[in-house]
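In: Give me the fold of what follows.
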Amino acid sequence: MRAVVVEPDSPSHLAFREVEQPSLAPSEALVKLAAISLNRGEVRRAQMSSEAGFRPGWDLAGTVERAATDGSGPPEGARVVGLLSSGAWAELAAVPTNALATLPDEVSFAQAATLPVAGLTALYTLEQAGGLLGKNVLVTGASGGVGLFACRLARISGARVVGVIRQPDREALVREEGAHEVVVGDDASGAQEHGPYDLILESVGGEALANALTMLAAGGTCISFGASAAQETTFDVRSFYLTGGATLYGFILFHEVLARPASAGLGRLLRLVAEGSLEPRIELEAPWTEIGEIAKRLIDRDYAGKAVLHLS
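Out: So this is what the prediction gives:
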């Protein structure tokens, strides 16, 4: 079968290669892929890797070719969406059944493919605050894949949502996806006037994270799940602990799904999409043969929302 692998000598750092079809554990289903979506984290990892032949890829949607032999998970022929820690950019994938969910008829492969990393990250980070009704929520990086899902999910959960973006032309998009207020700036400082916040979803790092920590309400939580602008942050520790009960939580999706299986979260997101409460923002669709170019555009922030690549 064909798969996308890391090729350090390639201009895009990615190449198509013939690889062996996956072998299956008893709790894994063989999925024939129809669509994938791209995330900054996996693209960055691929571009930074010197491991020729490494197979990236997290998000996938397709059809079950062979059901898990232990009887768990969807049956053969089911339309599914799934999450892998690597190797999803391929014609076939072995996917653990606790990371698979069956698609409702109303949900397309393209819509489903946007959900695993971006949708689950938004869902699970928002749930760290418990119920959101009436709470004040700040989302940095609000025009990205996770950010747009987070704005919409927080809004339909009853929160007051403030989004932070770096590109002014994306303000209307973020408001459309649920933000009551939108702040434009690199360091999130402009969000101070709309605070304090019960929950902050922070993915920029650097000054944005430092400023966000000063905006927490007593007992509030700041969840750090990325560092797109800066890896290091210097912040006022005294101000942070004097807030009272404030929490800084480090979020990695592949750790979270050990306790909260992806299958359950994906099932909930799919129901929201099917009923029309959640609409994945797909900004770009292309054949998967264009993955190198689309990956570069993602890193260059050439589009908001999600890019979906089709295998057929």
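In: At which residues are the helices of the stretch 51-200 of the chain located?
Out: 109-113, 120-126, 145-156, 171-176 (DSSP state H, counting those that start in this stretch).
In: Look up how far residue 127 lies from residue 134.
Out: For residue 134, the distance to residue 127 equals 16 Å [Cβ to Cβ, to the nearest Å]. The way it works is simple: take the backbone N, C-alpha and C, and place the C-beta from them, glycine included.
In: Between the two, which is the more surrounded one?
Out: residue 127 (16 against 9; other Cβ atoms under 10 Å).
In: Now do residue 231, the pLDDT please.
Out: For residue 231, the pLDDT comes out at 81.
In: try the one 4 residues further on
Out: Residue 235 carries a pLDDT value of 93.
In: The one 10 residues further on now?
Out: What the model reports for residue 245 is a pLDDT of 96.
In: swap in residue 304?
Out: If you check residue 304, the pLDDT there is 87.
In: now the strands: where do they sit in the stretch 101-250 of the chain?
Out: Taking DSSP state E, counting those that start in this stretch to define them, one finds strands in the stretch 101-250 of the chain at 136-140, 160-165, 181-184, 197-202, 216-224, 247-250.
In: Just the C-alphas of the last one, formatted as PDB.
Out: In this case it means strand 247-250. Only the C-alpha atoms of strand 247-250 are listed here, as PDB (Å, rounded to 0.1, in the frame of the first residue of the first chain):
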ATOM      1  CA  THR A 247      -4.300  26.200  38.200                       C
ATOM      2  CA  LEU A 248      -1.900  25.800  35.200                       C
ATOM      3  CA  TYR A 249      -2.700  22.500  33.500                       C
ATOM      4  CA  GLY A 250      -0.500  20.900  30.800                       C
END
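In: Okay, now the unreliable bits of the chain?
Out: Applying pLDDT under 70 to the chain flags no residue at all.
In: Buried deepest among the strands of the stretch 101-250 of the chain, which one?
Out: Most buried of the strands of the stretch 101-250 of the chain by mean neighbour count (mean count of other Cβ atoms under 10 Å) is strand 136-140; its value is a mean of 29.
In: Following element in sequence after the helix ranked longest in the chain, please.
Out: Longest helix in the chain by number of residues (criterion: DSSP state H): helix 262-275. For helix 262-275, the succeeding helix or strand toward the C-terminus, using DSSP states H and E, is strand 282-287.
In: about what we covered before: list the helices and strands the longest helix of the chain packs on?
Out: With contacts defined as 3 or more Cβ pairs under 8 Å, 6 or more residues apart in numbering; DSSP states H and E, the packing partners of helix 262-275 are strand 79-83, strand 100-102, helix 109-113, helix 120-126.
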